[in-house]
Each structure stands twice: as C-alpha cells, then as structure tokens.
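1. what would the 3D arrangement of this be:
(2 chains)
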Amino acid sequence: MAVLNEEQTMLKDMVSQWVRDRMPVSVARGLYDHSGGGRKDATTGFDADAYGEAAAMGWSGILVPEAHGGSDFGAFSLGFVLEELARTLSPLPLLSSAMIAVSALRLGGNAAQQSAWLPGLADGSIIGALAVDEGAHHAPEALALTATRVANGWRLDGVKRPVADGMGADLFIAAACGEDGTMLFLAPADAAGLTREPLDQIDARRPALLRFDGVVLADDAVLGYGNALLSAILDRAYVGQAAELLGLATQAFETTLDYLKTRVQFGQLIGSFQALQHRASEMFGELQLTRSAVEAALAAIDADDPQLSSLASLAKAMANETAHRITCEMVQLHGGIGMTHEHDAGLYLKRSRVAEQAYGSSSFHRERWARLNGY
Amino acid sequence: MEDQQFRQEVRDWLSANFPPALTGVNGLIFQGDAHAAAASKDFQAWRKAMADKGWGTPTWDKAYGGAGLSPAQAKIIAQELSAIGAFNPIRSYGTMMLGPTLLEFGTEEQRLQHLPRISTHELRWCQGFSEPGAGSDLASLQMKCVDAGDHWVVSGQKIWTSGADQADWCFALVRTDTSVKHGGISFLLIDMKSPGVEARPIVLISGSTHFCEVFFNDVKVPKGNLVGAVNQGWNIAKRLLQFERSSLSEVKTDVTPLAPIAHAMLGTDEEGRIADVDARARIVHNAMRHTAYLQTVRRFNEEARNGGPGNGVSTLKNLWSGIVQRRAELLVEVLGADGLGWSGDAYPADAREATRALLHSKAFSIYGGSYEIQNNITAKRSLGLPDR
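-> Purely as a prediction, here's the structure:
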C-alpha cells in the first residue's frame, strides 16, 4: 500500500473500523435468497440505510468540491475507501454515485448542473448511476440509445442494461447516440417514459434494465458531447471498479490463506504443502502487481495525468485477471466446503465475475491499452 | 538546492570525462562482450577516471576508496550516468556484495586491505558459494576448512563461480564444523593465486564461458582471512544474498519496445496494429505486466523509504524473472527463423544478440536463489505459512 498522509490514514482507519462493525460479509449475504439467487422482495440491491451512514461520514462527498458540500479529498482517497468496502463485498452505490456520477458532473457539468446535483450526491440524498452498457459487452463507442432533436429538447429511445445500482438511483448519467455522435444526459429516474426493472444477477446486486420510451429531456439536461468526455468519465469508472476488485481479491486471498493455516489433512496443516505454498506465493505476486497498477491509476486521476486512459486500462485488466484467478483458487483450495452457498467463497466468485465484466472485460482493456500504446 | 548544485557538478564532470564512444555500451558484468569492451582504451580511461573520483563506490568512506557521499548523492550520480547512456565501470561482485559485507562484518584491517582495491577495480572478486551438491540447498555445502594452527587448509570444489578464471580473490563459504549444518559454515577470503587453486570455465547453452568450476586442493589460507567468527558464516551469507537479490531486481528496466519489431516482422493490419492477432495478444499481455512490474518497483522503493515492510524482494525477483524471460521468448518468436541463428552474416546481428539473450535469460530464475526457493521464502516470510 502506498504511503498515506495523516488525514488519509485517519480516513482509512475509520473505514476499516466501520467495515468490521457494520459491513461483515453477512450483509452482502443478506441480499441472497436461500437458493443462491437474489431476493425477489429486495428493492434496490444495495443497503440504503448503510449508504446513509457512509454519506454522513462524508465518503459520498470525497470527490465533490467544498463549495458544493464535499471534501475534495481526491480519487486516491476514494479509491482506498472503495477497496476497503469491497473486502466484505459491501453492497453500497459508492462507486456509481460518488466516483462515477460525481466525476461526470465535474468533467462535463456547467455551473447550474453542478449546483443542482453535486450537493445531493455529496450528502447521499441523491444516488447517481451510469447508464452506458446496452448488451452483453461493454462497448461505449457503439451506442444504440438514440437522442433525437425535438422542439422542446431531446427525445431518448432505447434500452440500457445492466445499470449498476440502477434500481435505487435518482439520477442517471445516460450515454446516447445523437445526430453528431455521442451525447451525455442527466436523466432523472422519474422522467416520463423512463421505466426500470431489476435483473436477477448472480451477485444479488440487482442491477436495472432501463427502458427509454420517448423520454423527453430539456436542453439543460445535456451534460456534454463526444467520446472524449465519455472516455474521461469511464476512466474513473474503470479505476474505481479496479479498486473494488483489488479489495475483493485481497480479502479472498487472506481468507484462503487463513484456511491453509487451519485445515489439517494427512495429519498436517495443508498450508505446509509446497505445492500450495507456491500457489499462494504466486497469488501474492499478482496482488502486488495489481495494487501498483491501481494505485498508479488513482494517483493519475488526481494529477490530471495525460496517460490516465492507459493507466486506467492497465489497472482494470490487471485487477480483472487477479480477482479472477484468486476467486477460482479460493473455491478450489477450500475444496467441497467452497462449493456450498453457506461458505463465502461463492459470494466472492460471483461478485468478482460481475465486477470483471462491469466497465470492460480483460480483453476490452488489453485491446484499449494496446491501441493507446502503439501495438 | 544543494542537490541541484551537486547534480550540476556531476553533469559537468561527466561531460568532461565520459568517453562518448562508450555511450550505450552495456556495462553489466554478466554480459558476454564485457571482457572485450573492458580491454579498450576508452574503457580503461573511463574506469580510471571514476576510480580516482571514488564515484564507483560513492557512499564508501574516502579511507576505503569511496567518495564519502550520501545515498541521495549516490542516486544523483546513478541518474546522471543513465541519462547520458553511461554506466558505472567499477560495478562488480566486489562493490555489490563483498564491500557491503565487509563494511558490516569485517575488521578494520580487512576493510583497509580490500575495499580500496575494490573501489578502483584493481582486484576482481568472485563468489564461491554453490557446490556440485549444494545448489538451492546451499547450506549443505561440504568444502572443508581445517584449522592447521597458524593457517587454514581448504579442500573441495565450487561451481557456478562467475568470472573465477579472471578473478584475483574469492569470498567463499567453507565448512568448519561437520557436526551441524547451518552452524558449521564460515566465511573465508581466498587469494586465487594460492597454490592448489584451479578454475575451469563452463560452456553454457548461450555460448557464454562466464561461469567456472573451481577446485581447491589443500590450499593454505592465512588465519586473518576469516570474516566474522568461526561458524558464523551462514548469517553473513544470508545478509549478503539480500544484497545480491536487491541488486538483481534493480537490473536495467528500459528495454527496447517490442512493437516496432513486431510491426516489421509480422506486418500490420489496416489500423496499423500487429497483424498476427495471437502473437499481438501475448505481446500486449507481457508488456502490460512489465509496466505493472515497473510500477511495483517504484512502489516498493517508496514504501521502503518510509519504513514499509521491505520483505518483498523474493516476490519482486520472481515477477521480474518471469516477465523478462517471457519477453525474451516473444522477441525470438517474432524474429522467426531469423531468431534461430548462432553465427554468420545470414543472421542480423541484433537477431543473434536476441537469441543469445533468450538462452541467457533462462538463468534468471535459477541464480540468486531459484524461482522455487524464492517462492518458499515468500510463503514463509511474507505469508507466514507453516513448516508442518
């Protein structure tokens, strides 16, 4: 872990403490029904009360300027909050709202839009979510949601899915295809013609399927134009999701390591077997590479580094691969118990697969990195 | 401000003293052309200039042939050398390993006898650790060292001794007690010109004859050549191997990008990408891991400066060897049949060099503690996994 200053150390300690007391894995487990799918009676797929507590501690305002009620603490700080929360798979919309929606408003919003939305995002009374994906794969440069010019603004038609935290969101940052290319809109969840339904995804987080059926938005709902803006917003999404994957993978590794130190077979702790020790050592190495890539990308956001896109894709690809490998090993090394819904290994595996696909798979990000670096 | 002034001094001195003809020459002691390059007039002049200045071992005390500089100033010298494609011509086993060991464990007499002649590169040292029966299990070494009253008598064999045929002295691990394993090892300095010492080069798969086997037949060694106390050699060796591992993972990090070579050898598609999609995917994957590795080196250094855990050297070495070996394989794969030449003008010189480098790279996961040994160390020290 990088070297933290005094304020960051206090923040990190506060988050760790809260995760221990308030966010054990049993909270994420509570989203599931007994069969291993998502609970049908759940409304949002996240813990709204807990998000209120997190917001009261200021975490939802970490990227928000002080003038709009935030602390402007920077992406690096928000990154280790996301990482720490993801250790127990905390079901909170912090990435969607505090990282991505806030970044979208900071990058594209005019003064009126920022004043209208940032204070609510900062204090947690408004939850924002990014509506970009439309099908099986993350493809931000091939959008089918159309934005058509009409007399009183813009009319949106199409479908978005899956939209993370979309069932509880108040505001969508919606990416659409306008007449001259990509456009970004601020679409309130209660806009006429906008409907949503939950998807029973393997991680029980119930993302939304959004239908835009002739949704008309006024000109002041246009956040901005062009792939460059969308790409800048997505860079924050990539890095934030990578930070969550890093936390998830770190905890999956540590839980597995504890098992190797307690499980006895053939009269020996299985962690004394060299075959398993070497697998653990290799996972530890992959975690080191991933942590470096994630921390470098978070720092690049704060530094306005022109290399951010490249660093963001490196971080997401590394985090995807490492979380994938470690969650596989978590199930395998736990053996039969790891296959049961009663054990946490399955929860980590399922959440990892969702987070790996969210905002771009490993191959998406390797391709993006390759193009950016001349391969 | 002071640093800035020192940096300017270094720049001025380098531009006056570094022979431009040596720009970009690989000064690493492991490289095959080192002997030929070292024979050139320019190289000799450069080495003498650095030796006189004490900048080959900048942090050592002046009495030991150093320049008495701070670590920060030493870093400035290293940065400025690298910035102009220069290198430290004094760097050797003596400066990297024996020197730090004598500074920590040697007597003042031993330091004054040996360090000044290491800092000028007047005498070359080799490391006599491995034996035919003691590779990864180094502490099982058997080379006998018997007390003969006013001197020691040493007999046995060492192997994989880098540059032993060129070396003037050898620092060796010897067995002074056969009844215990780790606690029966001592650390001894042996003059390679002593009667009974014979070094024979070994031909490696890369064609290199850098490694030797060394035979010791009843070699007399003065009593004062033992470093530390009798039977305390293993502790010294463990410390010294840390110097070795940290210097190994510092190896040059700016490598030739593979992309232009791949474009030339494999062609490009209509978007300018490497046309062979399978090779491209593997090249990109390796390049990304290499980038993350460099980020990790920077992070570990920053954490170490701030009192971090500092137990990641074994992890770092395995990541490095794995990524660099993979890269060497990819380069030769991209070169195709051009990458399969041993000699002759039919093969471009760059390609022949890449092929030798690939063969040489197989040693990265063997020397300085093999991949498997490093994983054992990580499992035990970083992860706290049990012995039984």
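
2. confidence score at the closest residue to chain B within the stretch 51-200 of chain A?
-> For the stretch 51-200 of chain A, the residue closest to chain B is A:F76, as judged by CB to the nearest CB, at 13.0 Å. In short, each C-beta sits where N, CA and C put it, glycine included. With respect to pLDDT, A:F76 scores 97.

3. would you say it is within a helix?
-> Yes. Per DSSP: H, G, I helix; E, B strand; the rest coil, A:F76 lies within a helix segment.

4. tell me the domain ranges of chain B?
-> B:2-91, B:125-233, B:249-382 (automatic domain parsing).

5. can you give me the strands in the chain?
-> In the absence of a named chain, chain A is used. Using DSSP state E, the strands of chain A run over residues A:128-131, A:146-150, A:153-163, A:171-178, A:181-188, A:194-198, A:208-217, A:222-225, A:264-265, A:268-269.

6. the chain in question should be chain B.
-> So, for chain B - with DSSP E - the strands run B:125-128, B:144-147, B:151-162, B:169-175, B:185-191, B:197-201, B:211-222, B:226-227.

7. mind checking which of these is nearest A:S309?
-> strand B:151-162 (43.9 Å; CB to CB).

8. gap between the residue of chain B most remote from its centre and A:Q8?
-> Going by CA atoms, centre = their mean, the residue of chain B most distant from its centre is B:E270, 44.2 Å out. Applying CB to CB, to the nearest Å, the value for B:E270 to A:Q8 is 47 Å.

9. which residues touch the most centrally placed residue in chain A?
-> Most central in chain A under CA atoms, centre = their mean is A:Q241, positioned 3.8 Å from the mean C-alpha point. Neighbouring residues of A:Q241 by CB atoms under 8 Å, 6 or more residues apart in numbering or on different chains: A:95, A:316, A:319, A:355, A:358-359.

10. tell me the confidence at it?
-> 98.

11. give me the spatial nearest neighbour of it, chain neighbours excluded.
-> Using CB to CB, 6 or more residues apart in numbering or on different chains and skipping residues adjacent in sequence, the residue nearest A:Q241 is A:Y359, 5.1 Å away.

12. my guess is that neighbour contacts A:P162. True?
-> No. Counting by CB atoms under 8 Å, A:Y359 stays clear of A:P162, with 11.1 Å between them.

13. which of these two has more neighbours?
-> Per other CB atoms under 10 Å in any protein chain shown, whichever of A:Y359 and A:P162 has more neighbours is A:Y359, with 28 against 21.

14. list phi and psi for the more buried one.
-> Dihedral angles of A:Y359 (phi, psi; degrees, to the nearest 10) stand at phi 60, psi 40.

15. if I look at the residue in the stretch 1-150 of chain B that chain A sits nearest to, how far off is B:G369?
-> Nearest residue of the stretch 1-150 of chain B to chain A, counting by CB to the nearest CB: B:S136, 12.3 Å away. Distance, B:S136 to B:G369, using CB to CB: 8 Å.

16. so these two - more neighbours on which side?
-> Set B:S136 next to B:G369 and count neighbours by other CB under 10 Å: B:G369 wins out with 22 against 12.

17. if we can go back for a sec, the strands of chain B: which one's closest to chain A?
-> Nearest to chain A, of the strands of chain B and by CB to the nearest CB, is strand B:151-162 at 23.4 Å.

18. for the closest one, name the packing helices and strands.
-> strand B:125-128, strand B:144-147, strand B:169-175, strand B:185-191, strand B:211-222 (3 or more CB pairs under 8 Å, 6 or more residues apart in numbering or on different chains; DSSP states H and E).

19. most tightly surrounded among those?
-> strand B:125-128 (a mean of 27; mean count of other CB atoms under 10 Å in any protein chain shown).

20. neighbouring strands for it, and are they parallel or not?
-> strand B:169-175 (parallel) (DSSP bridges).

21. and the angle for the strand it pairs with with strand B:211-222?
-> 80 degrees (axes from the mean of the first three to the mean of the last three CA atoms, to 10 degrees).

22. what's the offset of strand B:169-175 from the middle of its chain?
-> Chain-centre distance of strand B:169-175: 18 Å, with CA atoms, centre = their mean, to the nearest Å.

23. look at residue 219 and report its pLDDT.
-> Going with chain A. 97.

24. that's the wrong chain, I meant chain B
-> The predicted local confidence for B:V219 is 98.

25. OK, contacts around the nearest residue to it once chain neighbours are set aside?
-> Leaving aside its chain neighbours, B:V219 sits nearest to B:G196 (4.2 Å; criterion: CB to CB, 6+ apart). B:G196 makes contact with B:155, B:216-220, according to CB under 8 Å, 6+ apart.

26. and for B:S155, the neighbour number?
-> For B:S155, the neighbour count with other CB under 10 Å is 16.

27. my guess is it contacts B:Q142. True?
-> No. Assessed by CB under 8 Å, B:S155 is found out of contact with B:Q142, at 9.9 Å.

28. residue ranges for the helices of chain A, please.
-> In chain A, the helices defined using DSSP state H lie at A:6-22, A:25-29, A:48-56, A:75-86, A:94, A:102-108, A:111-123, A:227-260, A:274-302, A:308-334, A:345-357, A:362-372.

29. below-threshold pLDDT in the chain: ranges please.
-> Since you didn't name a chain, this refers to chain A. Flagging of chain A using pLDDT under 70 yields an empty set of residue ranges.

30. chain B is the one I meant
-> Using pLDDT under 70, chain B drops low at B:1, B:26-38, B:245-256, B:308-311.

31. what sits closest to the residue in the stretch 1-150 of chain A that chain B sits nearest to if chain neighbours are left out?
-> Residue nearest to chain B within the stretch 1-150 of chain A (CB to the nearest CB): A:V3, separated by 4.5 Å. Among residues not flanking A:V3 along the chain, B:N306 sits closest, at 4.5 Å (CB to CB, 6+ apart).
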